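Q: Pasting the sequence and the predicted coordinates here, then a few questions.
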Amino acid sequence: MAEVKLDEMNHMQFDVLREIGNIGAGNATTALSQMLSAKIDMKVPKIDLLEFKELGELIGGAENIVVGILLTLQDDIDGMMMFLVEKKAAKSMVKLLMGGFSTGEDEDFSEMELSAMQEIGNIIAGAYLSSLSALTNMKITSSVPYMAIDMAGAILSVPAIEFGKISDKALLIETEFGDVGEEVNGYFILIPTLESYGQILTSLGL
């Protein structure tokens, strides 16, 4: 199995992780487009390997309110995956799904909106993981997604505490969705264990 040291990852290894991120985000965008019955374009994602402490600043600052969907991964890949979107953008998605019915963007989510956002998160995360599974030919099962609405710093502290002992870096995939009523930035954060990084790369012949 490929031994992975995140600080010493070579260009080829990083390019493969970047391509996995591209395909996963594209798959998730297609699923979102079908779910919302709207044409959604995705700009080429920005992908980077970052320390946990750097993630909050990229998502508008540690105090920025975001909606986060968190899943733990099991079977051939261990770790955690998150999908984060700013509260205002989440409101736009929910409004589209609910045919224009939603509370104001500064108001709290209603029960119906929370349910709709949970479903959007489930679809996006599921599509991302199914493409990762198909690409690597690995079995990946995930926990029931957990949704949180909080400051980015608080949500990001969960994987930092849980996986900080194993790895201090995460693969961040920032993508911009168009035609959701406005530009929406979504953030996929993949945090496999180091052993799982190695298994992913080995499965792809590296």
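A: Received the coordinates, thanks.
Q: just the strands in this structure please.
A: Ranges of strands within the chain are 41-42, 46-51, 65-75, 79-86, 140-142, 146-151, 169-178, 184-192, based on DSSP state E.
Q: Ok, which of these comes nearest residue 12?
A: When those are compared by C-beta to C-beta, strand 46-51 sits nearest residue 12, at 14.1 Å. For the C-beta atoms, the positions are set from N, CA and C on the backbone; glycine is no exception.
Q: What helices and strands are in contact with the closest one?
A: helix 11-36, strand 169-178 (3 or more C-beta pairs under 8 Å, 6 or more residues apart in numbering; DSSP states H and E).
Q: partner strands of the last one, parallel or antiparallel?
A: Strand pairing for strand 169-178, using DSSP bridges, gives strand 41-42 (antiparallel), strand 46-51 (antiparallel), strand 184-192 (antiparallel).
Q: Can you flag the weakest of these by average pLDDT?
A: Per-stretch mean pLDDT for those is lowest at strand 41-42 (a mean of 70).
Q: For stretch 26-36, output the C-alpha coordinates as CSV.
A: Taking C-alpha atoms only, stretch 26-36 is exported to CSV below (Å, rounded to 0.1, in the frame of the first residue of the first chain):
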residue,chain,number,x,y,z
GLY,A,26,-19.2,17.4,-10.5
ASN,A,27,-21.3,14.3,-9.6
ALA,A,28,-22.7,16.2,-6.6
THR,A,29,-23.6,19.2,-8.8
THR,A,30,-25.4,16.9,-11.3
ALA,A,31,-27.4,15.4,-8.4
LEU,A,32,-28.2,18.8,-7.0
SER,A,33,-29.3,20.0,-10.4
GLN,A,34,-31.7,17.1,-10.8
MET,A,35,-33.1,17.5,-7.3
LEU,A,36,-33.8,21.2,-7.7
